[in-house]
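**Q** With the input below, show me the fold.
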Amino acid sequence: MTISSTNSVVFLMGPTASGKTELALKMYNQLDASLISVDSALIYRGMDIGTAKPSKVTLENYPHALIDICEPDESFSVNQFVSLAKQHIESALNAGKLPILVGGTGLYFKALTEGLVEIPSIPLRFRNQVRALQKSIGQEKFYKKLLKIDPSAINQVKPQDT
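**A** Okay, the predicted model is just below:
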């Protein structure tokens, strides 16, 4: 789906606790709208503290798409977000509703409007092999092995980063 100027979509973005949700709820009450979360922390179930996630009562009265959609130990990419957000935008528009995207994850907004380079996902089997190697040889040796393979990683990865 391509978001064009003929389709109205509202983006409410800004830092945590800046009033985005409050404004979105007021708009929801005034307009025939559909709320779509654009927050990289709110996609995870149980991430209720420190994320400014709307309360259960608020979510019951003002349903938001893309909240509590995966477990914290599940992998979730920006491309997955874009795909799901576009589906929800299209569904809202097809139902005659105004999609209101509300959140503070700038990368998600940017990817939705400008796109990203398609990067293949890393197979779980490979992730598990790398984690097993890191665990078996220890973090220090694992980091040294990384630097041997990719010396430029020293600029991006700290020795304690797993």
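
**Q** how about the top helix by length along the chain as CSV, C-alpha atoms only?
**A** In terms of residue count, the longest helix belonging to the chain (DSSP state H) is helix 78-94. Provided in CSV are the C-alpha atoms of helix 78-94 (Å, rounded to 0.1, in the frame of the first residue of the first chain):
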residue,chain,number,x,y,z
VAL,A,78,11.1,-2.1,11.7
ASN,A,79,10.1,-3.7,8.5
GLN,A,80,7.6,-5.8,10.4
PHE,A,81,6.2,-2.7,12.0
VAL,A,82,5.9,-0.9,8.6
SER,A,83,4.0,-3.9,7.1
LEU,A,84,1.6,-4.1,10.1
ALA,A,85,1.1,-0.4,10.3
LYS,A,86,0.2,-0.2,6.6
GLN,A,87,-2.3,-3.0,7.0
HIS,A,88,-4.0,-1.1,9.9
ILE,A,89,-3.9,2.2,7.9
GLU,A,90,-5.5,0.5,4.9
SER,A,91,-8.2,-1.2,7.1
ALA,A,92,-9.0,2.1,8.8
LEU,A,93,-9.3,3.9,5.4
ASN,A,94,-11.4,1.1,3.9
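
**Q** could you say which helix or strand contains the most centrally placed residue in the chain?
**A** When CA atoms, centre = their mean is applied to the chain, the residue found nearest the centroid is residue 40 (3.2 Å). Assessed by DSSP states H and E, residue 40 sits outside every helix and strand.

**Q** Surely it and residue 105 touch.
**A** Yes - counting by CB atoms under 8 Å, residue 40 does reach residue 105; the two are 4.4 Å apart. C-betas here are computed from N, CA, C, even on glycine.

**Q** thinking again about what came up before, toward the C-terminus, what is the element adjacent to the longest helix of the chain?
**A** strand 98-103.

**Q** Now the residue lying closest to residue 77 once chain neighbours are set aside: phi and psi?
**A** Using CB to CB, 6 or more residues apart in numbering and skipping residues adjacent in sequence, the residue nearest residue 77 is residue 121, 6.6 Å away. When read as degrees, to the nearest 10, the backbone of residue 121 gives phi -70, psi 160.
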